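S.K.: Build the 3D model from these lines:
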Amino acid sequence: MKLENFEEWFAIRPNHSDDGDHLTGRLTFDLNKGISLEAVWFSGGAANRSTPLTNSQTLTGWLDYQRRATLIQPWVQSAGGFSIGLNTPVMRERRRFIASALIKNVFLDDIRSTIFTGLEVEHPAFHAWVNPRLVNSDWTQNEHTDFPILSVDVQPPQKRIFELADGTQAEVISMTSVPSSKSITLEERTVLRLRFSQPVAFDTITRMAWRITALFEFLIGARVQAPVYRMPTTNKQSWNNEEREVVAEYWYQPVSRKKRYENPPDIHHLFTFEERSPASLKTLLNHITGSSDELIFLADQIQSVEDHDLYLTQGYLEIIGCLEAFDERTFGSGADPNFKSQLKNLKELVENHGSEDDRTLFNRIAGTASNRFSLVKRLERLHRMWNEDGFRGAPDLTRVRDLRNIVPHGRGLEMSSEIAQEMISFLSYLTALGRYHVMKVLGFTGDQIGDAFLRQPHRYGMFAPQKMSPSYEGNKPKIGE
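M.R.: Residues are numbered from 1 along each chain as shown. Take a look at the predicted model:
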């Protein structure tokens, strides 16, 4: 189920209550323009005594007057009133609300409420990476006619169950379906279901949804259409004298992307997929439910830079910042535990035996001294591992740092074409370096990463180890073999 534009009537519940009069509104969900609510009511009525704005971060109401719904983080974009004539007082008031997300089927009076017990999604990137291949076709030549015969082999549904590190139960179900509008078309579908060990709040759900998108789009190397997330809740609803679990739907405005595929690329153009990945599906799902965001942030920014979603200078700064945070989180800050004591001893030595100029110089140096790796040191550490696995490319890392400093110092708008070209050149290396380290953490070996690089030779082929190049002398058969 993918996100689609729609418009519906929306009956606002003032102060999250059905006791008073509801306020009429028109809700618009637009993938490009966002989520907006136009509300109108009579002046001096229930709206003045009970404003629809509350102290919480949600606005609840009835979608199409019959379906529970919640707007997340609404704010008033515009307000005003209007009358029926020039000489009449204002009869009605109008508000236009903008929201960051919409939750269907539940009232969420408090955004911090822990009512969500799981997460379900049919994500195109996840399906492409799993690649179940349940429908296989083949053509055979018919000796009696000039036309080949098509044979289709349809495999039964598959179901895999995992228990993740935090106790979350994960199910991956692959199946086939027949769209109602095309009775002869078979579609493959893959559903990811997560059941948490205990109910969680809305922020936790959105964080996991972002992680699923960022990680699996990174793994296949492509942006895809944004799906609707289903969220089982602790709420119950009576149906035919039976208490049933209420499943909410998470609707949101996806980040605008310059390159977003309606359908994932063909398997031959995917960066990686499950059959060619040493990282098990369980390992990847543990990253989805884990506590560290540096790895996912880096993966997301790499894909954004590759797809030119960001301005050149913004992409350059973002990728370097993510590499810094990733290096510190993964390999440590580089801090010396004896730094403070050694600095104190040096200070005493300078004060007791140094000249006035020595003391002045020491105070200047001590004020800027850092017990952490600099950006260049971090890039050198990341590049050293890259180089040990045979990957090519040896940029001037000091120059990479210098270009990073141009924008914060206010010279970004005066950047010359030569500097822009340097940034573009370095960005190719930085995204390749980032991909290498993310895949290393996920469990890929150097040769497996090199093989993935060669699957997109127009972008990363130049960085793959020379021994993996078809033109490499070591790969050529010797005469007589």
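S.K.: the domain parsing of this structure - what is it?
M.R.: What automatic domain parsing lists as the domains of the chain is 6-83+91-104, 116-291, 316-335+372-474.
S.K.: Flag the helix or strand of the chain with the lowest per-element mean pLDDT.
M.R.: helix 46-49 (a mean of 47; mean pLDDT, DSSP states H and E).
S.K.: and the next helix-or-strand element following it, which strands flank it?
M.R.: Counting by DSSP states H and E, the next helix or strand C-terminal to helix 46-49 is strand 58-63. Neighbouring strands of strand 58-63 in its sheet, by DSSP bridges, are strand 6-12 (antiparallel), strand 67-72 (antiparallel).
S.K.: what sits against S256?
M.R.: S256 makes contact with N32, D309 under the criterion Cβ atoms under 8 Å, 6 or more residues apart in numbering. Every residue, glycine included, has its C-beta placed from N, CA and C.
S.K.: so is it in a helix, a strand, or just coil?
M.R.: coil (DSSP: H, G, I helix; E, B strand; the rest coil).
S.K.: how about it, phi and psi?
M.R.: Main-chain dihedrals, S256, degrees, to the nearest 10: phi -60, psi 130.
S.K.: helix, strand or coil for V40?
M.R.: Under three-state DSSP, V40 comes out as strand.
S.K.: Which strand residues bridge the closest residue to it other than its chain neighbours?
M.R.: In this structure, V40 finds its nearest non-sequential neighbour in R94, 5.1 Å apart by Cβ to Cβ, 6 or more residues apart in numbering. On the basis of DSSP bridges, R94 is bridged to V40, G80.
S.K.: about what we covered before: export the strands paired with strand 58-63 to CSV and append columns for mean neighbour count, distance to M231 and mean pLDDT.
M.R.: Formatted as CSV, the strands paired with strand 58-63 follow (neighbours: other Cβ atoms under 10 Å; distance: least, Cβ to Cβ, whole Å; pLDDT from 0 to 100):
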stretch, mean neighbour count, distance to M231, mean pLDDT
strand 6-12, 18, 19, 93
strand 67-72, 21, 12, 94
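S.K.: Any chance of those strands in TSV with distance to R195 as columns?
M.R.: Converted to TSV, the strands paired with strand 58-63 look like this (distance: least, Cβ to Cβ, whole Å):
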stretch	distance to R195
strand 6-12	29
strand 67-72	22
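S.K.: how close does M468 get to L281?
M.R.: M468 sits 26 Å away from L281, going by Cβ to Cβ, to the nearest Å.
S.K.: right, I mislabeled it, should have said H16
M.R.: 40 Å.
S.K.: returning to that earlier point: hmm, the residue nearest to V40 is touching E38, no?
M.R.: Yes: at 7.2 Å, R94 counts as touching E38 under the criterion of Cβ atoms under 8 Å.
S.K.: What ranges in the stretch 101-250 of the chain fall below the confidence cut-off?
M.R.: 180-184 (pLDDT under 70).
S.K.: residue ranges for the helices of it, please.
M.R.: Assigned by DSSP state H, counting those that start in this stretch, the helices in the stretch 101-250 of the chain fall at 124-130, 202-220.
S.K.: Return the most buried member of these.
M.R.: Mean neighbour count (mean count of other Cβ atoms under 10 Å) peaks for helix 124-130 among the helices of the stretch 101-250 of the chain, with a mean of 24.
S.K.: Output the below-cut-off pLDDT ranges for the stretch 351-481 of the chain.
M.R.: In the stretch 351-481 of the chain (pLDDT under 70), the answer is 366-372, 408-414, 470-481.
S.K.: about what we covered before: and the domains of the chain: which comes nearest D357?
M.R.: Relative to D357, the nearest member of the domains of the chain by Cβ to Cβ is domain 316-335+372-474, separated by 26.3 Å.
S.K.: Now do the closest one: distance to the chain's middle.
M.R.: For domain 316-335+372-474, the separation from the chain centroid amounts to 21 Å (computed by Cα atoms, centre = their mean, to the nearest Å).
S.K.: and what of stretch 58-71?
M.R.: 27 Å.
S.K.: same question, stretch 59-72
M.R.: 27 Å.
S.K.: Can you name the residues in contact with that stretch?
M.R.: 8-13, 16, 22, 25, 27, 35, 37, 52-53, 57-58, 74, 97, 99-109, 111, 202.
S.K.: So for the residue nearest to V40, what's the pLDDT?
M.R.: Looking at R94, its pLDDT stands at 80.
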